[in-house]
Every structure is written in structure tokens, then in C-alpha cells.
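Trainee: output the structure for:
(one chain, ligands or ions: 2)
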Amino acid sequence: MLAQASFTDSHEGFVVSGEPRHAPSWAEARELAYQCAGPLPSSKVTLGEAIGRTLTSPVTAQRNLPHYASSAMDGWAINGSGPWILTTAGLPLSPGEASVIATGGLVPTAASAVLRKESGHASADGHLSLRHDAKPGETLPGRHIRPAGEEAAAGEVLIPAGTLLNPAHIALAAVAGHDHVQVQRKPRVAVVLTGSEVVTSGEPAPGQVRDAFGPQLDAVISQLGGEPGGQRRIGDSYEEWMAALGRVPDGVPPDVTITTGGTGKSGADHFRDAIVALGDRLLLDEIAMRPGHPAVLAELPDGRFVIGLPGNPLAAMMALMTLGEPLLAAMGSRPLRAAVLMTSGADIDPDPGRTRLMPCTRIHDLAFPASRTGPGMMRGLAWADGYMAVPPEGVAAGAPVPVLPLPWTAPINFPDQSGGYAGWPA
Ligand SMILES: Nc1nc2c(c(=O)[nH]1)N[C@H]1C(S)=C(S)[C@@H](COP(=O)(O)OP(=O)(O)OC[C@H]3O[C@@H](n4cnc5c(N)ncnc54)[C@H](O)[C@@H]3O)O[C@H]1N2
Ligand code: MOO
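Mentor: Numbering: from 1, shown residues only. Ligands and ions are numbered 1, 2, ... in the order given. Purely as a prediction, here's the structure:
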């Protein structure tokens, strides 16, 4: 299995049991990134912090919910069918007595019902009578009283473990008296942006490029279930790489570090050398896919993961989907998202030996490759509904092709999850 595979120190090839082999396929790389990490431990958070998180311990009703019988209306607590003598609010009622009560108020002992304000008439001399136009049944026992335990009995599970918490879950936990809940911890993801030619504002001069990652990568990390753990910029030197990868940043260390650029194997690219010098385990070096083939996945001796994304912007985003999405899903205890089979709207030529990840648009339930999708381009991805994983043998128009949503398109563009595609034949 790939999980047992490793690289030679010279990075010349992927070896399994001493035998050189080709770079893993796109599907193998996704699977390896998913299998290499387990769920992070849970953490206790305040209710306000818990929305959008996955609950790891059930929330139970510690006592009856509501815990006292309360009035559902503004009016009077009554004992009997009337008329009644008004008495002090809150005191036990004798037969024929009534007292003022507000919605949500504690129903006094021996009250048989609550009479709505619009159904009764209180006279100046302290008597209460039923109005002639009151609805039938207004004085029946239990009327307009919310009994204790109506919503849940003490001990009942209100929110099971595994629930993705929405605002209503949080309100439910609050009314049940909880201040904190146990949730799945999100992986903290730090970003190291490399390249002395990369500038962060304005129009770049010839030989410079404007940073495509800094302004958006943290948002994508959040959409993939991670917690952004800070960004750092370095140049291209080996020393800078060593410092950025080796140093545990102040405060909470990241669970994952994502780097951009420097994944090439030229003398100018130091990512691999730094990884090896730090004693890291290269879990994956190169993927048989395009773009993004130089992507790397490594594990540091202290258990932190490093994802090396290529510098070309589209290549980096496709490599992030291939490695980052599965890794963060595994750490967040979420399933690996399956591709959906869609019908290709176009013929796509073979590209022997590698999967092509092509941003695509959905038109009348057909998937069409987007245009302007060179490895360094962003225009195609910007308008895409997802990306196709085109197999090495290509795909004919009208034939099925696996398609995955992008983190920012998932909720709206892929309603039909039937025919989910779990893996690519190795
Ligand atoms: N001799 C070979 N050269 C290259 C190969 C190869 O196989 N043999 N592969 C090409 C492919 S494919 C890719 S992808 C890149 C990988 O490059 P690196 O990861 O080493 O990245 P850099 O060389 O640092 O940068 C590549 C490209 O991306 C631009 N870049 C870098 N950072 C940013 C950023 N933050 N925002 C926007 N653009 C960025 C950088 O300026 C370069 O233009 O290698 C190919 N070469
Ligand atoms: O990974 Mo490179 O961008 O194929 O182009």
C-alpha cells in the first residue's frame, strides 16, 4: 500500500519494498493524504465558538426541559372554571382564585389553566370573569400551560455526537443550561509563502509576480475545515526554508504547514533539501497529475504535516485540493469527499500516465472544461463550478467524467450526489 511507501534520499523515485515505481496517481495521492492522519482530539469550547463545529460528546438534558411549568400566554393563572377572585401573583391558588401571570411565568401551585388576557375581564373590585366572546375551552385543565419536560425529559440526548452544530443546536444547548460543548478540534494551518520575486501590492515589475495566495489561502483553509494559523513570507534561500520549516512558531504550533513555491527539483529550489535535513518523512513526492505534479506531502518528526504546493497558481490550487482537502478532512474526522460522475460535454484527448485536473463549468448538466487554465492562470478557476479529474485515456463527449466541487462552489452546484465516484483504478 502507498502508506508504506517512501522516497529515496536523492528523491529520484518512489520506492515500495526497494522497487522503484512511478509517481502515485491522483486518486492514490488523495487516499494517502486522507489515510496518513487521524482525527485530532476534541476540545471544549464556549457555545459561541461552537457553531459550524462537529460535536464529539452528546448534549443531554440535565433536567426536564422546560424545567418548570410555565404560562404560554399573558393573562391570569386560574383555579377552576370561574368566576374567580384575584389574589397576589405567585401564591398557591385555592379553588375559585386567579392571579396575574405573564408569558413564561412560573405557574402557581394548584393552577388548573391560564386564561388569556383577551378572554377575561378583571373588575376594579378584584373579580375576574370569562368574557362572553372567549373561545370555547379556554378554562379547560392545562390550557395555555407549558408543562415541565414538554420538550425533553431529564437525561434525554438533545444533540448526538457527530452533529455539525448549527445556530439552533447552540440555542438548544443554551436553554438546556450548557455553557460549553466538546467539539472536534480543527487543524491549525500555517502558511509559508516563498519567492523573492513575489510582491504583495500594486502592479508587479517585469520579473516580479503579484502574490496569488496570501489574500485568499486562509479563506480556503477555513472552507476546508482548517483554522488559519498565520502567514509568513520568505525568499528563496536554503537558510530561510530551514528557518521557516524548522522553527515552531511562538504560541500554538500548527498541525499543518502549507508552503507555496520551491517544489521544483532545480538547484534553486530548496524545499526537498530542507525537508530531508529536518529529518522529515516524505510521504509523497510528485503526483501523476497535471497541473500540480511537483506537490509534496511530508510529516515532521514531531507529527506536524507539511504540504508543499507548487508556485504556479492553478497548480497550487489543484494540489491543495488533492492533498490539503483530504488531510484536513481526516484531521477533522470528516469523510473523504467522493467525486461525482457527470457527463462530459467535450472530447478530451488522452494524456498517458497522468490525470488532468481541469476547472470546469456546468451547462445543462454537462461538464465542460473551462478555458484559460494554464498552470499559472487563474481566470478559468475563477468562474469554474468544479474541476474534472480526466483519466489518462481521456474522455469522449457524452461519457462520464469524475467531477469534484471546489470548496466555494460545493453547496450550490452539485445537487445530484448519486453515482458518487470513490476512487480511481490504480
Ligand atoms: N526543469 C523543469 N522546470 C519546471 C518543471 C519541471 O518539471 N522541470 N516543472 C514546472 C512545473 S509543472 C511547476 S508547477 C513549477 C513548480 O515550481 P516551484 O514550485 O518550484 O515554484 P517556483 O519555481 O517558485 O514558482 C513557479 C512559478 O510560480 C510563481 N509563483 C510563486 N509564488 C507565487 C505566488 N505567491 N503568487 C503567484 N505566483 C507565484 C513563480 O513566480 C513562478 O512563475 O516548476 C516548473 N518548472
Ligand atoms: O504543476 Mo505544473 O503547474 O503542472 O504546471
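
Trainee: would you mind listing what in the stretch 201-350 of the chain touches ligand 2?
Mentor: 290, 291, 292, 293, 294, 310, 312, 315 (CB under 6 Å from any ligand atom). Bear in mind the C-beta positions are built from the backbone N, C-alpha and C, glycine included.

Trainee: against the centre of this structure, work out the most remote residue.
Mentor: Centroid-distance maximum for the chain: residue 125 at 63.1 Å, with CA atoms, centre = their mean.

Trainee: you'd agree it is in a strand?
Mentor: No. When DSSP: H, G, I helix; E, B strand; the rest coil is applied, residue 125 is found to be coil, with no strand at that position.

Trainee: show me the contacts for the residue nearest the centre of the chain.
Mentor: The centre of the chain sits closest to residue 225, judged by CA atoms, centre = their mean, with a distance of 3.8 Å. With contact taken as CB atoms under 8 Å, 6 or more residues apart in numbering, residue 225 is in contact with 186, 187, 328, 329, 332, 334.

Trainee: picking that back up, what about the residue farthest from the centre of the chain, distance to residue 87?
Mentor: Distance of residue 125 to residue 87, given as CB to CB, to the nearest Å: 13 Å.

Trainee: swap in residue 177?
Mentor: Applying CB to CB, the value for residue 177 to residue 87 is 32 Å.

Trainee: okay, the two: which has more neighbours?
Mentor: Comparing residue 177 with residue 87 by other CB atoms under 10 Å, the one with more neighbours is residue 87, at 20 against 11.

Trainee: and the strands in the stretch 151-300 of the chain?
Mentor: For the stretch 151-300 of the chain, strands defined by DSSP state E, counting those that start in this stretch occupy the ranges 157-159, 180-184, 188-194, 198-199, 209-210, 227-234, 256-260, 281-285, 289-290, 296-299.

Trainee: near ligand 1, which residues of the stretch 101-250 of the chain?
Mentor: 193, 195, 197, 198, 209, 211, 212, 213.

Trainee: if we go to 8 Å?
Mentor: 193, 194, 195, 197, 198, 209, 210, 211, 212, 213, 214, 236 (CB under 8 Å from any ligand atom).

Trainee: backbone phi and psi for the third one, please?
Mentor: Taking degrees, to the nearest 10, you get phi 120, psi 120 for the backbone angles of residue 195.

Trainee: for it, which non-adjacent residue is closest in space?
Mentor: Nearest non-adjacent residue to residue 195, counting by CB to CB, 6 or more residues apart in numbering: residue 261, 4.6 Å away.

Trainee: now swap in residue 30 and tell me
Mentor: In space, residue 30 comes closest to residue 326 once its chain neighbours are excluded; the distance is 5.0 Å by CB to CB, 6+ apart.

Trainee: what mean pLDDT does the helix or strand encompassing the one you found get?
Mentor: Element membership for residue 326, per DSSP states H and E: helix 325-331. Across helix 325-331, pLDDT averages out at 97.

Trainee: swap in stretch 74-84?
Mentor: On average, stretch 74-84 scores 96.

Trainee: next: stretch 239-247.
Mentor: The model assigns stretch 239-247 a mean pLDDT of 85.

Trainee: can you list the neighbours in contact with that stretch?
Mentor: 192, 194, 232, 234, 257, 259, 262, 270-271, 273-275, 277-278, 300, 306.

Trainee: sort out which residues of stretch 316-336 are buried, please.
Mentor: By 16 or more other CB atoms under 10 Å, the buried positions in stretch 316-336 come out as 316-334.

Trainee: from the middle of its chain, how far away would stretch 390-410 be?
Mentor: 23 Å (CA atoms, centre = their mean, to the nearest Å).

Trainee: just to revisit the earlier point, need phi/psi at the residue farthest from the centre of the chain.
Mentor: Backbone torsions for residue 125, taken as degrees, to the nearest 10, come to phi -90, psi 20.

Trainee: which positions in stretch 229-248 come out as buried?
Mentor: 229, 231, 232, 233, 234, 236, 240, 241, 242, 244, 245.

Trainee: any idea which of the residues of the stretch 101-250 of the chain next to ligand 1 is closest to ligand 2?
Mentor: Using CB to the nearest ligand atom, residue 212 comes nearest to ligand 2 of these, at 12.5 Å.

Trainee: apart from its chain neighbours, what residue comes closest to the closest residue to ligand 1 within the stretch 301-426 of the chain?
Mentor: Ligand 1 sits closest to residue 311 of the stretch 301-426 of the chain, with a gap of 2.4 Å, by CB to the nearest ligand atom. Nearest residue to residue 311 in three dimensions, chain neighbours excluded: residue 261, at 3.5 Å (CB to CB, 6+ apart).
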